[in-house]
Structure formats: C-alpha cells, structure tokens
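In: Below are the sequence and a predicted model; questions follow.
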Amino acid sequence: MSQVDATAHGASIVSKPKPVEWTSVIGEAFKKLSPRVQVKNPVMFVVYLGSIVATLLWIQALRGNGEAPSGFIFAIAVWLWFTVLFANAAEALAEGRGKAQADALRATRQRVVARVLKEPKRESESWLTPSNELDVGVHLLVETGEIIPTDGEVVQGAASVDESAITGESAPVIREAGGDFCSVTGGTRVLSDWIVMRVTAKPGEAFLDRMIAMVEGAKRGKTPNEIALTILLVALTLIFLLVCVTLLPFSGFGTIVNGSGSVVTITVLIALLVCLIPTTIGALLSAVGIAGMSRMMKANVLATSGRAIEAAGDVDVLLLDKTGTITLGNREATKFYPAPRVDERALADAAQLASLADETPEGRSIVVLAKTAFNIRGRELHGAEAIAFSAQTRMSGINIDGRQIRKGAGSAIRAHVEAIGGVFPREVTSIVEEVSRRGSTPLVVSDGINVLGVVELKDIVKGGIKERFAELRAMGIKTVMITGDNKLTAAAIAAEAGVDDYLAEATPEDKLRLIREYQAEGRLVAMTGDGTNDAPALAQADVAVAMNSGTQAAKEAGNMVDLDSNPTKLLRVVEVGKQMIMTRGALTTFSVANDLAKYFAIIPAAFVATYPPLAALNIMGLHSPASAILSAVIFNALIIVVLIPLALQGIKYRAEPAARLLSRNLLIYGLGGIVAPFIGIKLIDILLTPFF
Ligand SMILES: Nc1ncnc2c1ncn2[C@@H]1O[C@H](COP(=O)(O)OP(=O)(O)OP(=O)(O)O)[C@@H](O)[C@H]1O
Ligand SMILES: [K+]
Ligand SMILES: [Mg+2]
C-alpha cells in the first residue's frame, strides 16, 4: 500500500495558527469589495454605496463644478472606503485562522490505497481501490502501520490507533469490534494489530472532509440571533436613511437656500448617514461569529453549526451518559460471585459461554477473566444461537446444547428467570447490591431457571470531573447523569463524579423523554454521550456533544464532536457560546451609544449655516464644520479597527449571574460608547486643524 506519513504533518485542529499574514489580509479586504460580497451585509452595503457616490462627487468637483471643495470630498470619500475595507479586514482576519487550520487538515487528508475485502473477514479475497472511490458498506482490511482510508466501524479485530492527526492527542487509543469503541476515522493510523472495518462515509463526506468544510466556514449559516440582530440593524439603517433623505431638500438638490447661499451638500449627508447607522456592529458582526467557531476549534471541539454554539451560551441542563462519558468506559470483568451452592468455576464457565459470541468489551473481558482465573478456554459454538446484547433488553447470551444461558442487568435477569418459572435468590440480590454500591456494574448470569451468580464489571470515573461539575453548577447549569445501569451503581458513580442528579435503568427512549421534558419546561438542554443508544437523545438535545471515542451514530446525531472525549469540555463550550453572545451584545450597545456624540459633532456642523443657533450644540468646540464632519467619519472608521481585537478574542467570561454580567457590560460598553467618541472626535479634530 502506498503510505505517506500523516502524523509527520502534525496536522490537527489544535495546531497553532500561523501568524497573521498582513499582505493576505489586505488582499482579502480588497477582494471583498465585490458587490456580491457587500450586498450580504446591509449596513456595510449602505456605506459601500455612499463611498461610490462620494467618489463620483469628488470626480465632479475635480472637473470644477463640485458641490464643495474637492479636497474635502476626497477626504470623506477616502475615509468611507477605509470604513468598508476595515470591515472586510475584520472578517478576513477572523477567517484567516480557519484557513490555516484547513490547510493543515488537507495535508492529513491524503489519498491512500485501500484493501477492499470480498467478505468481512481478514482471510477473504481482496483487491486495491483508491480511498476516494470507496462506497458505503464495503469492508476493508487495515494493518499495522497503515493509514485508515476513510471513516467506518470495526467489524472484526482490535487495534491500537494513533488519532493524533485529528485530535492532536498522542496517546494511542484502542478501536475494536462491538460496543461503543468501534468507530474509526479516516486519516488516523493503525499502530499495531489489524482491523476489518465497514465503510460508513460517502466519498468526500468523511469526518475530515466535514472538518475542513467547517474550519473554512463554507457552511456557516447565520444563527437565529444573528438574523434577529441583522433585522434590527437594517431597521435602524432604514430609519437613518429616511432622516437623511428628508434632509435632502436642504441640500443642493433643494430650493431652500439660506441667506448666505450655503447649502447642505450630498457629501455631508452621506457622512451623516454613515456616522449614524450602526457601522461598528455591522462591520464586526460576522467576525464575531467566525471567531466563536475558531475558538471552539481551539478547544478541540468540532461544531457543525453556529446555532449550536450560540445555544451553548444559554444552556441550563447538561445530561451525561455514564459509561464512556463520565467513566473511561472500558468496563472490565474483575471477579465472579457465585450464588449459594454454585461452584465458582461453573459460574465462570457459564459466563464465558454466554460471552463467546458477545463482541462488546464487557463480553470479551468476561471471556478473558474466565480464562485467566480458571483456565477455561472457549469452545466451538456448533448449532448455538447467540443472543446479542441490546440496550432495551439489557441482556445477552446463548442457546447451546438445549441450555439457555443469559447474562445481564439484575432486573433484566430477574424478569427473564421469573417469566420461565424460576426464582431470583435473595442472596444474589445482596451480591448485586454490594457490587453496585462500589460503583461497579453487576452482571447476573443464569442458566435456564437457575441463577448462577454475579460478574463484577469495574469502570473508572475520569479524572478531575468533580471540580469541573462544581464550576458548571456555579454557572447555573444542572448536571444529570443518565445510565442504563442499576440505581445503586448509578448512585455510587453519581456521588463520585459529583453530578446534581441521576436517572438509572434508562432505555434510549427514557433518555429522549427526559430531554423532551426539560425542553417542555423551557430549558435549553445539552447532552454528551458516546453510544449508539445515545443517538436519539443527542439528536433531540439543543447542544449535543458526541465523544470522538464514540460510535459513528452518536457522532452523526450530535451537533458537536469533542475530539478529546472529555465530558467536562461542555464548560468550555458554554463559555465560548456565552462569550459570543456577550461580545455581540457589547458591540451593539457600543455601536448605538456612539451616535450621541456624532449628533453633537455633525448636526451643528451641517446646519449651522442654515440655522445659526445650532452652533450652541458644538459643545466639543470643534474647529470648523468641515473638520467636525471629517473627524466624525474618521472616528467612525477607526473605532472598527480598535474593536477588532475585542471581536476576535471575545469578552472575558466570568462565572457569575447573568443579570450582573449584563449590567456591568451595559455600563462599560454603553457608557464607554457614549464617552469615547467625544474624546476621539475632539482629538482627531485637533490633529486635523492645521489642514483647514
Ligand atoms: N454485553 C452485555 N451483556 C449483557 N448485559 C450487558 C452488557 N453490557 C451491558 N449490559 C447491561 O445492560 C445495562 C445497560 O448497558 P448500556 O451500555 O446500554 O448502558 P447505557 O444506557 O449506555 O448507560 P451508560 O453508558 O451510561 O452506562 C448495563 O448496566 C448492564 O447491566
Ligand atoms: K456608525
Ligand atoms: Mg453508553
């Protein structure tokens, strides 16, 4: 097979973004001057049209019949163009980081030659096919050292896989058939052993392709909040447009000319319009959205919609699946507890028989424990009927030689045994409770109507979880663990992990129902999970973070994938969402508050000749009407540049009540928005005075 070292590129979405290349940002800013790009942003489109008209007026002035001195019109036109270019540059800067990441990812997405198998077995006949021509459903063999050609699910074998090309995490992970750890991602590499996988992604639609499309922002649609805000901005723009149009009769077009013969020029009206419409937020709105997406990437979370990021900012309930999300998820059999009058070896033998056809990690670990503890070897399963595990039945097993051997959750086996006329021994109930209290999962084994005993499955709570759940609580987010496991195990793990509440013995439908209930109460629900049985719940949740270690079904149902498979990542996700909403709010407040100073600067300047008492409004003591108007336009353009870092980095979020955050931001950005232009416009006017 042709192989290129994928990891050598060090490509991962966590790779450090390259330093900004100013030439390319400037180039992009000019490219975005195309009317097709401009028309998408209504506020800036008005500025764009204003720049064109001002430029035409300047050309007219050069020919000698201008409405004002050509130097003045020229200066206004230039600064209007700068206003448009600054907005373009803000967007280009925000996009820049994503572009660099996309390039790095593209280096990972290389074409390899895949080995296609005729049958889903390692020994089967095989042939070679380029990775970009693989259909969904075909089976591939991938061996040590080879790159996994595309996304899929392991159907046979187990291997350690280096996923650093995608996750940036260097520790290899185990990918194996059955259970919640069967998904493999194209572009990652098998380090040892081999796997037979079934392709699940259409060509061009694999995880890596989606990641590239995401970071490039190709599919970034406007979020509902963004649309609402845009409507508000358009309304404001229309109002000011109307105001300026009604002033048109006072301009050169009109007939009303005051005693001294001076008129309000079109140039001044354009300047007034641009200063009054919300250009600051109009220019930075899209950059804020793209930067939010980028920050999510930096946190190693792949979000498939901006809407999900925004919803994350308002989440108030977080549901988590237990196994594989709160715990490490490789539940391993550690001990056999026989029922009274049952030999431990007989229990181990039956447990192994019930697990020989069970491809889940739980099943395989039982086979291994029986082998290491009692040297029991697997046997041929001629004529046997395997009963596969399902989250609904919570049971698996085998029908062999006339025996009905089952293993599963205590309640499931109790129901099964009682249904066929057996009794569930009290002693076994105590063992189940004892094992559960330790936070382990008890699997009860039965043979026909006889209950043979319990297998203890141990699982470990992921590190550092408790502290982070406490932080979520401080943010006002309730954490609820939902698990298919029994109540006692759930309670033990819930206590250890420090979640607020838990739901035990939950079927996939229960998980879904719980989410719907919370949503019906008007809450915004986040869910993190890894299993196929979590998929319906993930699809229903407002913010659905699938663990990268989880199944394809879970990853497809979610609207975010956490490449680190860390359930407390939601903390970061919420932060990014809140930051995005707050930043947008702050910039809007600032943008609107800014207008006040401009009234004082431009209105007296524009109309003092028509109506001299307006001079009283010139409280800034600006040099002359022309310098006042130009200063306001320059300030209006420069403030965009000044606020670009804020738009890109976002406002710092602190875990405190929303009302406090809001009032503080109103104070800073509202008051700041009112005061800043008075100072800024005055300073610019002083600097300009020598030129007038
Ligand atoms: N291979 C298996 N054979 C028989 N029973 C199993 C097997 N795996 C799990 N069980 C039983 O079924 C129950 C539900 O398992 P499942 O993995 O579906 O839980 P879940 O709903 O995903 O919850 P969580 O992942 O949060 O623990 C387990 O608690 C266990 O008692
Ligand atoms: K403005
Ligand atoms: Mg699970």
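Out: Great, that's in hand. Residues are numbered from 1 along each chain as shown. Ligands and ions are numbered 1, 2, ... in the order given.

In: distance of the residue of the stretch 151-300 of the chain at minimum distance from ligand 3 from residue 333?
Out: Evaluated by C-beta to the ion, the stretch 151-300 of the chain has residue 180 as its residue closest to ligand 3, separated by 5.6 Å. All C-beta spots, glycine's among them, are computed from the backbone N, C-alpha and C. Distance from residue 180 to residue 333, counting by C-beta to C-beta, to the nearest Å: 17 Å.

In: Up against ligand 2, what does the chain have?
Out: Taking C-beta under 5 Å from the ion, the part of the chain that reaches ligand 2 is made up of 279, 636.

In: how about a cut-off of 8 Å?
Out: Among all residues of the chain, those adjacent to ligand 2 (criterion: C-beta under 8 Å from the ion) are 274-280, 282, 591, 594-595, 598, 636.

In: now these in a markdown table, with pLDDT, distance to ligand 3 and neighbour count?
Out: What follows is the residues of the chain next to ligand 2, written out as a markdown table (pLDDT from 0 to 100; distance: C-beta to the ion, whole Å; neighbours: other C-beta atoms under 10 Å):
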| residue | pLDDT | distance to ligand 3 | neighbour count |
| --- | --- | --- | --- |
| 274 | 95 | 56 | 28 |
| 275 | 92 | 58 | 25 |
| 276 | 91 | 56 | 23 |
| 277 | 93 | 52 | 27 |
| 278 | 93 | 48 | 23 |
| 279 | 95 | 50 | 27 |
| 280 | 94 | 47 | 27 |
| 282 | 94 | 46 | 28 |
| 591 | 91 | 47 | 26 |
| 594 | 88 | 52 | 26 |
| 595 | 82 | 54 | 18 |
| 598 | 83 | 58 | 24 |
| 636 | 95 | 55 | 28 |
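
In: from memory residue 355 sits against residue 406, does it?
Out: No: because the distance of 10.9 Å does not satisfy C-beta atoms under 8 Å, residue 355 is recorded as not touching residue 406.

In: Neighbour count: those two, which is higher?
Out: Regarding residue 355 and residue 406, a neighbour count based on other C-beta atoms under 10 Å identifies residue 355 as having more, with 30 against 25.

In: For the residue of the stretch 301-450 of the chain found nearest ligand 3, which non-adjacent residue is spatially closest?
Out: Nearest to ligand 3, among the residues of the stretch 301-450 of the chain, is residue 323, at 4.4 Å (C-beta to the ion). For residue 323, ignoring the flanking residues on the chain, the nearest one in space by C-beta to C-beta, 6 or more residues apart in numbering is residue 329 at 5.1 Å.

In: Angles on the backbone of that neighbour, please.
Out: Its backbone dihedrals place residue 329 at phi 100, psi -10, with angles given as degrees, to the nearest 10.

In: Show the model's pLDDT score for the residue nearest to the spatial centre of the chain.
Out: The structure's the chain has its C-alpha centroid closest to residue 303; by C-alpha atoms, centre = their mean the separation is 2.8 Å. Model confidence at residue 303, given as pLDDT, is 83.

In: repeat for the one 4 residues further on
Out: In this prediction, residue 307 carries a pLDDT score of 81.

In: Quick check: closest non-adjacent residue to it.
Out: Here the nearest residue to residue 307 in space, its sequence neighbours aside, is residue 223; by C-beta to C-beta, 6+ apart that works out to 4.6 Å.

In: So the one you found versus residue 385, what's the distance?
Out: When distances are taken as C-beta to C-beta, residue 223 and residue 385 turn out to be 52 Å apart.

In: cool, residue 435 as well?
Out: In this structure, residue 435 and residue 385 are 29 Å apart, going by C-beta to C-beta.

In: which one of the two has more residues nearby?
Out: Higher neighbour count among residue 435 and residue 385: residue 435, with 27 against 11, using other C-beta under 10 Å.

In: what's the helix or strand for the more buried one?
Out: helix 426-437 (DSSP states H and E).

In: after that helix comes which helix or strand?
Out: Following the chain from helix 426-437 toward its C-terminal end, the next helix or strand by DSSP H and E is strand 441-447.

In: In contact with the residue in the stretch 251-400 of the chain that ligand 2 sits nearest to: list those residues for me.
Out: Proximity to ligand 2, evaluated over the stretch 251-400 of the chain using C-beta to the ion, is greatest for residue 279 at 3.7 Å. By C-beta atoms under 8 Å, 6 or more residues apart in numbering, the residues touching residue 279 are 43-44, 47, 83, 87, 591, 636, 640.

In: Keep only those of those residues that are in helices.
Out: 43-44, 47, 83, 87, 591, 636, 640 (DSSP state H).

In: Closest one to ligand 2 out of those, please.
Out: residue 636 (4.9 Å).

In: For that closest one, which non-adjacent residue is spatially closest?
Out: Using C-beta to C-beta, 6+ apart, the nearest residue to residue 636 is residue 275, at 5.0 Å.

In: for that neighbour, helix, strand, or coil?
Out: Per DSSP: H, G, I helix; E, B strand; the rest coil, the local secondary structure of residue 275 is helix.

In: All the helices of the stretch 151-300 of the chain, residue numbers only.
Out: Along the stretch 151-300 of the chain, counting by DSSP state H, counting those that start in this stretch, helices occupy 164-167, 207-215, 224-246, 266-276, 279-298.

In: what distance separates the shortest one from the middle of the whole chain?
Out: By that I understand helix 164-167. The gap between where helix 164-167 is centred and where its chain is centred comes out at 17 Å by C-alpha atoms, centre = their mean, to the nearest Å.

In: From the contact counts, what lies against it?
Out: helix 207-215 (3 or more C-beta pairs under 8 Å, 6 or more residues apart in numbering; DSSP states H and E).
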